[in-house]
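[1] quick one: sequence plus predicted model below, questions after.
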Amino acid sequence: MKINAAFCRYAGEPLSLYAAVLSASNGRQVMTIAKKGRHSTRKESGMLLIVDAATQENFDMLFTSERFLDGLNAYHDVLNSQSLVIDESLMQYKPDNSIEMDGLNQNGSINYRFNEVNNGQAAVLAICLYFRELTGFIKSIDSMSQWEQCFMTI
């Protein structure tokens with residue numbers, strides 16, 4: 001699966017980050033963010049389109065400010081599970097460069113300190129959120145299939 005995350009509402013130049021979900025040798029799914037291109041919201045065959053501005057109706061996911069913290073949590077989940085690869089040439093778009101953990105609040109939630117978040121960093125968060133939701137869905141389908149097989153043998 002290929003992804004174009006086209007972002008224009010954050011700091012810096014509008015851009016598209018291109019990513020793909022690949023299977024590792026152990027069968028695990030890995031999100032690979034491989035390339036930067038000019039900002040393009042054109043829907044291409046076989047490619048999912050994630051946008052931060054609903055300037056058209058032909059997109060697969062709209063990454064709104066309400067989903068920003070979900071994206072940040074997804075980034076940390078995917079990073080900690082070693083399921084994220086970012087090409088060396090795109091390291092300036094790692095969210096860690098502008099977003100720092102700043103302790104816990106009274107509810108036990110993590111507080112963050114934000115510097116200027118650029119379009120590439122927000123695109124990485126959105127890609128990770130989509131990947132986490134996708135892999136959660138795949139795991140659910142696999143579990144349902146296992147239950148079905150179990151019931152068929154009874």
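    Cool, got the structure. Numbering: from 1, shown residues only.
[2] what are the contacting residues of stretch 72-86?
    Under the contact criterion C-beta atoms under 8 Å, 6 or more residues apart in numbering, stretch 72-86 has outside partners 28-33, 93-95, 99, 112, 124-125, 128-129, 131-133, 135. The C-beta positions use only the backbone N, C-alpha and C, and glycine is treated the same way.
[3] sorry, wrong one. I was asking about stretch 103-121.
    7-15, 17, 36, 39, 52, 72, 90, 92-95, 97-102.
[4] now residue 70: closest residue in space, sequence neighbours ignored.
    Take residue 70 and drop its neighbours on the chain: the residue closest to it by C-beta to C-beta, 6 or more residues apart in numbering is residue 129, 5.7 Å away.
[5] make that residue 5, sorry
    residue 123 (3.8 Å).
[6] the one you found belongs to a strand?
    No - assessed with DSSP: H, G, I helix; E, B strand; the rest coil, residue 123 is helix; it does not lie in a strand.
[7] that one: what's it in contact with?
    Here residue 123 is in contact with 5-7, 15-17, 50, 52, 93 (C-beta under 8 Å, 6+ apart).
[8] try 6 Å
    5, 7, 17 (C-beta atoms under 6 Å, 6 or more residues apart in numbering).
[9] quick one: the helices in the chain?
    Remark: helices assigned in the chain by DSSP state H are 68-80, 119-152.
[10] check the ones you listed for me: which has the lowest mean pLDDT.
    Note on these: helix 119-152 shows the lowest mean pLDDT, a mean of 71.
[11] run a quick neighbour tally on residue 111.
    10 (other C-beta atoms under 10 Å).
[12] swap in residue 27?
    6.
[13] now do residue 44
    Residue 44 has 10 neighbours, counted by other C-beta under 10 Å.
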